[in-house]
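In: With the input below, show me the fold.
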Amino acid sequence: MIIVKDLLIGIAAFFVAHILTFYQLNGQFLKSTDWFRKNEIIVAAAGMILSFFYIWGTKYTVNGMEGMLWPARFIGFGVGMIIYAIMVNYHFNEGINAKTWVSLVLSFLLICIQVLWKTKQA
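Out: Presented below is the predicted three-dimensional model:
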């Protein structure tokens, strides 16, 4: 039986991880600030903190999915795709074209398949 509370905590941890990762990797391209370009060491060191969110996301999602690893991987990937599309559109005005919409829908479907499709463990 899926443990909804753990699954939601895991998804939330992936959500935070992907937002922070977006800024860690793409902050250098923000025109509104040059802080990321001037502080590469700090930005890189923040990766240690980021890692905890990925670890927690994986831990809680695996637990929420009855100990199965693949759903956690696909859920983390799907959340990352959705976050990235939103952030690129917001910060860099890179519109969401038809190809990106299809990719986002597929990412959302990937999450739904992993959460809602009931299978028996071997």
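
In: For the rest of this, base every contact and every neighbour count on C-alpha atoms.
Out: Will do.

In: Need the nearest residue in space to the spatially most central residue of the chain, chain neighbours excluded.
Out: Geometric centre of the chain, nearest residue: G80, 3.0 Å, by Cα atoms, centre = their mean. What sits nearest to G80 in space, not counting adjacent residues and going by Cα to Cα, 6 or more residues apart in numbering, is H18, at 5.5 Å.

In: which stretches of the chain have low pLDDT?
Out: The model of the chain has pLDDT under 70 over residues 119-122.

In: Tell me which stretches of it form helices.
Out: 4-26, 35-38, 40-64, 69-92, 98-116 (DSSP state H).

In: Which elements pack onto the first one?
Out: Judged by 3 or more Cα pairs under 8 Å, 6 or more residues apart in numbering; DSSP states H and E, helix 4-26 is in contact with helix 40-64, helix 69-92.

In: So which bits of the first one are buried?
Out: Think helix 40-64. For helix 40-64, burial by neighbour count (16 or more other Cα atoms under 10 Å) applies to 43, 50, 53-54, 56-64.

In: by how many degrees do it and helix 4-26 diverge?
Out: Put simply, helix 40-64 runs at 160 degrees to helix 4-26, going by axes from the mean of the first three to the mean of the last three Cα atoms, to 10 degrees.

In: so what does helix 40-64 touch, helix or strand wise?
Out: Packed next to helix 40-64, using 3+ Cα pairs under 8 Å, 6+ apart, are helix 4-26, helix 69-92.

In: Out of those helices, flag the one nearest V115.
Out: Closest to V115 of these is helix 69-92 (Cα to Cα; 7.3 Å).

In: Which residues belonging to the closest one are considered buried?
Out: By neighbour count on 16+ other Cα under 10 Å, the buried set for helix 69-92 is 71-87.

In: Against Q24, how distant is G67?
Out: 30 Å (Cα to Cα, to the nearest Å).

In: Which one of those two is surrounded by more residues?
Out: Per other Cα atoms under 10 Å, whichever of G67 and Q24 has more neighbours is Q24, with 19 against 15.

In: thought the more buried one was touching I42?
Out: No - applying Cα atoms under 8 Å as the test, Q24 and I42 come out as separate, 9.7 Å apart.

In: Fine, thanks again, bye for now.
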